[in-house]
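[1] The following block contains a protein sequence and its predicted model.
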Amino acid sequence: MQSRTVVAAVIFTALALVPSVATALNQSFYIDVGIRILIFAIAALSLDLILGYGGMVSFGHAAFLGIGAYAVGILAYFGVHNGLAQFVAAIVVSTLAALFIGAVSVRTTGVYFIMTTLAFGQMLYFLAVSMSKFGGDDGMNISSTSDFGGWLDLHNPIVLYYTCFCFLLGFAVFSDRLVGSRFGMVLRAIHMNEQRAVAIGVGSFRYKLTAFVISGAMCGVSGALLANQALFVSPAIMHWTRSGEILIMVILGGIGTLFGPIIGAVVYLLLESTLSRITEHWEIILGPFLIIVVLFAHRGMLGWIAERRRAPTK
Amino acid sequence: MNINIFFLLEQLLNGVQFGVMLFLISAGLTLVFGIMNLINLAHGVLYMLGAYICASVIQASGSFLVGVAAAIVGSLAAGIVIELVTFRPLYRRTHLDQVLVTFGLTLFFNELVRIIWGPTALYAAVPAALSGQIDILPGAPYPTYRLVIIGTGILAAVFLYALVSYTRIGMLIRAGASNRVMVEALGVNIKLLYTFIFGLGAALAALAGALAGPILAIESGMGNGMLILALVVIVIGGIGSIRGAFIASILVGTVDTLGRTMLRPLFATFLSQATADQAGPAIASMLIYLLMAFILFFRPQGLFPPRIR
């Protein structure tokens, strides 16, 4: 527990310093990269909550990212720029979507769960493609960022950065408390042995569905933030390969570590921005890199650290 | 009214043709899934390779049949290399690891294809002998090439059914599916069997890709969409079941095709034209996923669930 707190403190201190360092180096580009990292860290964190603690491999998590982003985009299209309304809409719609998707998919297990979430993700992707009013396949521009009445100017990258930072920090603390609570214990018990949990008298469906909905809502918030950063939303945001990328971030950092996926998001997005500057065919490097990581270091970075620490006592 | 019936028949055949293509892809996927317990997201890559190789060889040799044969051989070789190098360590891993590794393979091959053949889409011509139309009913012509696709798919289905049900290798495949360890203990080289099954799946996917060349754009990532549909098919059909894959393929193919052509005019009969124009395509694009959700809600293991091991 001690080392976890240290790791978390180090991560968040480092993230908090990014804008100052970037400004000092006169490299405001890195603030933009930082915002993307924070946003995807929220998405990865939300996925780790159900993947790491509930054993639910969601391969359609980008759908919630898309729902959050489209909630902002569609409200802006109709002239509603009120930030509170947009974020509440993002949360409500992603909660409802997660409730519906979860109600069907949580009943299934293993491979069927992966496939069902994947199919729902695709379903929402094609829904977005067919919404010609909102740009269809090409997506649409968003005229301005969410308006929080003057006291939070999201146009300013540094303000947006710290807004994302606060959301990430809040969600991380919340998730950490949630995992340690009775609810989290039950969720982990179900993950370890569902039959036994049911035999003890736990209604596993309710717990798994609740976790799925919490995770979906969190990911919806990250979508709303993403729409604010890009001022653009298109179906590509919820393509199934995007869901794969979020999964990769969780794996890179370490499943079931909560803070690991944040590191995973940092590493993945830095890798992406570095590789894509070297060659436009950067995926040809990323693919094999991913294969090697999974085959040889599949516990992720934090998992690896934790294992080394635990090894002597075992 | 007559025209409507002909139109419906034509769309129905289009749906069956699409379904048959889906079957060629899903057959390999469901076998690998059901028998080796491996999720292979890179299966779409083999379909894509089939299409590219076929188009290139047709261009070089001028013969459609040579192109199809080259596609099958090429994808078979690629499939066997993939199996030997990356899948053998994967069989005992979790589904999550399998998803990620095969996802990585997909990224790699999609980019590789873009490097070799360039980013723009290729188009293959329908072979001259098959470019005409045949009257399926008096006054209802239908493209010969699409009929050939349907015929090929049905032949492949019959071949697979016979292979699995009546041959020694089919018996081993079924035995391997129900108890891997026991089959191995009886002296069967299960690794070789796995490679054979994977190669079979790769060849079928390549055949689908080669046949798709003349009717679809050949581009990097073309396998992704088909892969997702094939996954829907095998989940609906029940993982590991060839019969389920065939029925689900035809179901998904026709529902999707009919949804795309019929839903808008159908909605227009009781909704305003503007609403129908918006809602028709939107619902049509989600139709098969709704179908899948509906089927899974009542039968979480698909239509033909695998027998308990």
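    Sure thing, it's come through.
[2] When you work out contacts or count neighbours from here on, use the C-alpha atoms and nothing else.
    Noted.
[3] Now do the buried residues in stretch A:48-56.
    The neighbour-count check on stretch A:48-56 (16 or more other CA atoms under 10 Å in any protein chain shown) flags A:D48, A:L49, A:I50, A:L51, A:G52, A:Y53, A:G54, A:G55, A:M56 as buried.
[4] Turn those into TSV, including secondary structure, distance to chain B and pLDDT.
    Formatted as TSV, the buried residues of stretch A:48-56 follow (DSSP: H, G, I helix; E, B strand; the rest coil; distance: CA to the nearest CA, whole Å; pLDDT from 0 to 100):
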residue	secondary structure	distance to chain B	pLDDT
A:D48	helix	13	95
A:L49	helix	15	94
A:I50	helix	13	94
A:L51	helix	10	93
A:G52	helix	12	91
A:Y53	helix	14	92
A:G54	helix	14	90
A:G55	coil	10	89
A:M56	coil	10	91
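[5] Contacts only, for the residue in the stretch 1-150 of chain B positioned nearest to chain A.
    Chain A sits closest to B:G104 of the stretch 1-150 of chain B, with a gap of 4.0 Å, by CA to the nearest CA. Contact partners of B:G104, counting by CA atoms under 8 Å, 6 or more residues apart in numbering or on different chains, are A:L286, A:G287, A:P288, A:F289, A:L290, A:I291.
[6] helix, strand or coil for the last one?
    Read that as A:I291. Under DSSP: H, G, I helix; E, B strand; the rest coil, A:I291 falls in the helix class.
[7] Residues in contact with the helix or strand hosting B:Y142: which ones?
    In the assignment (DSSP states H and E), B:Y142 maps to strand B:140-143. Under the criterion CA under 8 Å, 6+ apart, residues B:F6, B:E10, B:S131, B:G132, B:Q133, B:I134, B:D135, B:I136 lie in contact with strand B:140-143.
[8] got it, and stretch A:98-114?
    Stretch A:98-114 is contacted by residues A:56-59, A:64, A:116-117, A:120, A:205, A:208-209, A:212-213, A:216-217, B:39, B:95, B:235, B:293, B:296-297, B:300-301 when judged by CA under 8 Å, 6+ apart.
[9] Same question for stretch B:226-234.
    If you take CA under 8 Å, 6+ apart as the criterion, stretch B:226-234 is touched by A:115, A:119, B:22-23, B:25-26, B:29-30, B:41, B:43-44, B:240-241, B:244-245, B:248-249, B:252, B:289, B:292.
[10] let's go with 6 Å and repeat that
    The contact list for stretch B:226-234, computed with CA atoms under 6 Å, 6 or more residues apart in numbering or on different chains, reads B:L22, B:S26, B:T30, B:G44, B:A245, B:A248, B:S249.
[11] and those as CSV, adding neighbour count and distance to chain A?
    Below are the contacts of stretch B:226-234 laid out as CSV (neighbours: other CA atoms under 10 Å in any protein chain shown; distance: CA to the nearest CA, whole Å):
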residue, neighbour count, distance to chain A
B:L22, 28, 16
B:S26, 35, 14
B:T30, 30, 12
B:G44, 28, 13
B:A245, 34, 15
B:A248, 28, 15
B:S249, 32, 15
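[12] okay, those residues in a markdown table with secondary structure and pLDDT next?
    A markdown table is the format used below for these (DSSP: H, G, I helix; E, B strand; the rest coil; pLDDT from 0 to 100):
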| residue | secondary structure | pLDDT |
| --- | --- | --- |
| B:L22 | helix | 93 |
| B:S26 | helix | 93 |
| B:T30 | helix | 87 |
| B:G44 | helix | 91 |
| B:A245 | helix | 90 |
| B:A248 | helix | 93 |
| B:S249 | helix | 94 |
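[13] which residue sits closest to B:A124 in space, ignoring its chain neighbours?
    B:P214 (4.6 Å; CA to CA, 6 or more residues apart in numbering or on different chains).
[14] ranges for the strands of the chain?
    No chain specified, so I'll use chain A. A:140-141, A:232-233 (DSSP state E).
[15] That was the other one, I meant chain B.
    Using DSSP E, strands in chain B cover B:133-137, B:140-143.
[16] Check those for me: which has the lowest mean pLDDT.
    Set side by side, the strands of chain B give their lowest mean pLDDT on strand B:133-137, at a mean of 76.
[17] Retrieve the pLDDT associated with the residue in the stretch 151-300 of chain A that chain B sits nearest to.
    The minimum distance from the stretch 151-300 of chain A to chain B, using CA to the nearest CA, falls at A:G287 (4.0 Å). If you check A:G287, the pLDDT there is 86.
[18] And the helices in the chain, which stretches?
    Just going to use chain A. A:2-24, A:29-54, A:62-77, A:83-105, A:110-130, A:157-180, A:182-192, A:194-200, A:204-230, A:240-253, A:260-278, A:283-296, A:300-310 (DSSP state H).
[19] Switch to chain B, please.
    Along chain B, the segments classed as helices by DSSP H run B:2-36, B:43-61, B:64-82, B:95-117, B:144-166, B:168-178, B:180-185, B:190-212, B:222-237, B:242-268, B:273-298.
[20] Let me see the contact set for the residue lying closest to B:N224 once chain neighbours are set aside.
    Using CA to CA, 6+ apart and skipping residues adjacent in sequence, the residue nearest B:N224 is B:G44, 5.7 Å away. Neighbouring residues of B:G44 by CA under 6 Å, 6+ apart: B:G223, B:N224, B:L227.
[21] any residues touching stretch B:209-216, and which ones?
    Taking CA under 6 Å, 6+ apart as the rule, stretch B:209-216 contacts B:Y47, B:M48, B:G50, B:A51, B:C54, B:V68, B:A124, B:A125, B:V126.
[22] try stretch B:293-303
    Here stretch B:293-303 has contacts from A:V104, A:T108, B:V235, B:I236, B:G237, B:G238, using CA under 6 Å, 6+ apart.
[23] of these, closest to B:L258?
    Nearest to B:L258 among the contacts of stretch B:293-303, counting by CA to CA, is B:I236 at 18.4 Å.
[24] Now do the same for that closest one: its pLDDT.
    90.
[25] what's near enough to touch it?
    B:G302, B:L303.
[26] What is the neighbour count of the closest residue to B:A177 other than its chain neighbours?
    Once flanking residues are discounted, B:A177 sits nearest to B:I35: 4.4 Å by CA to CA, 6+ apart. Using other CA atoms under 10 Å in any protein chain shown, B:I35 has 21 other residues around it.
[27] if we can go back for a sec, can you redo the contacts of strand B:140-143 as JSON lines with distance to chain A and neighbour count?
    Shown next, in JSON lines, are the contacts of strand B:140-143 (distance: CA to the nearest CA, whole Å; neighbours: other CA atoms under 10 Å in any protein chain shown):
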{"residue": "B:F6", "distance to chain A": "28", "neighbour count": "16"}
{"residue": "B:E10", "distance to chain A": "24", "neighbour count": "17"}
{"residue": "B:S131", "distance to chain A": "32", "neighbour count": "13"}
{"residue": "B:G132", "distance to chain A": "34", "neighbour count": "13"}
{"residue": "B:Q133", "distance to chain A": "32", "neighbour count": "14"}
{"residue": "B:I134", "distance to chain A": "34", "neighbour count": "16"}
{"residue": "B:D135", "distance to chain A": "35", "neighbour count": "11"}
{"residue": "B:I136", "distance to chain A": "34", "neighbour count": "15"}
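[28] TSV for those residues, including distance to B:F159?
    Output for the contacts of strand B:140-143, formatted as TSV (distance: CA to CA, whole Å):
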residue	distance to B:F159
B:F6	31
B:E10	27
B:S131	26
B:G132	27
B:Q133	27
B:I134	26
B:D135	28
B:I136	25
